[in-house]
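*Asks:* sequence plus the predicted model coming up.
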Amino acid sequence: MSITPFKSDEELVTFARAFFRDRVESFRKDIAICMRRDARGHHAYFPALITCIAFVDLISGLYAGSIRSHGLKELKRYARRFMKIP
């Protein structure tokens, strides 16, 4: 596997951990905003749902090894592995 532009596996892992930590932090912030009531007492459930779908799409693509050429098959593989879905 090519790890360009990383000079070592350790550098790649360090980047990956920081990248994933930042994505999780951003995901949690976005969901918290969506679940907060607005002035009329409404929530942003649809944006929260879209955020969840996008996040699962990202992490299933990372697990598949490509965020550009993965699809439902890879999403199902990820879900079976990490979400205990049959």
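*Replies:* Perfect, I can see it now.
*Asks:* going by C-alpha atoms from here, please, whenever you check contacts or count neighbours.
*Replies:* Noted.
*Asks:* what comes up buried for stretch 43-60?
*Replies:* Going by neighbour count (16 or more other CA atoms under 10 Å), the buried part of stretch 43-60 is 48, 51-52, 57-60.
*Asks:* can you give me the neighbour number for A64?
*Replies:* The local packing of A64 (other CA atoms under 10 Å) involves 17 other residues.
*Asks:* hmm, it is touching H70, no?
*Replies:* Yes. With contact defined as CA atoms under 8 Å, A64 and H70 form a contacting pair (6.9 Å).
*Asks:* how much space between the residue lying farthest from the centre of the chain and K73?
*Replies:* Of all residues in the chain, R40 sits farthest from the chain's C-alpha centroid, using CA atoms, centre = their mean; the distance is 30.5 Å. R40 sits 41 Å away from K73, taking CA to CA, to the nearest Å as the criterion.
*Asks:* got it, and R80?
*Replies:* Counting by CA to CA, the gap between R80 and K73 amounts to 11 Å.
*Asks:* equivalent analysis for F20, please.
*Replies:* According to CA to CA, F20 stands 22 Å off from K73.
*Asks:* other residues contacting the helix or strand bottoming out on mean pLDDT in the chain?
*Replies:* Of all helical and strand segments in the chain, the minimum by mean pLDDT, DSSP states H and E falls on helix 72-82, at a mean of 90. Contacts of helix 72-82 from elsewhere in the structure, counted by CA atoms under 8 Å, 6 or more residues apart in numbering, are 56-57, 60-61, 63-64, 85-86.
*Asks:* and that helix, how far out from the chain's middle?
*Replies:* When distances are taken as CA atoms, centre = their mean, to the nearest Å, helix 72-82 is centred 13 Å away from the chain's centroid.
*Asks:* ok, now stretch 70-77?
*Replies:* Remark: stretch 70-77 is offset 14 Å from the chain centroid, using CA atoms, centre = their mean.
*Asks:* cool, stretch 29-37 as well?
*Replies:* With CA atoms, centre = their mean, you get 17 Å for stretch 29-37.
*Asks:* now do the buried residues in it.
*Replies:* Along stretch 29-37, these residues count as buried under the neighbour rule (16+ other CA under 10 Å): 31, 34.
*Asks:* what strand or helix carries the residue nearest to the spatial centre of the chain?
*Replies:* Taking CA atoms, centre = their mean, the centroid of the chain lies closest to F55, which sits 3.2 Å from it. When elements are assigned from DSSP states H and E, F55 belongs to helix 45-64.
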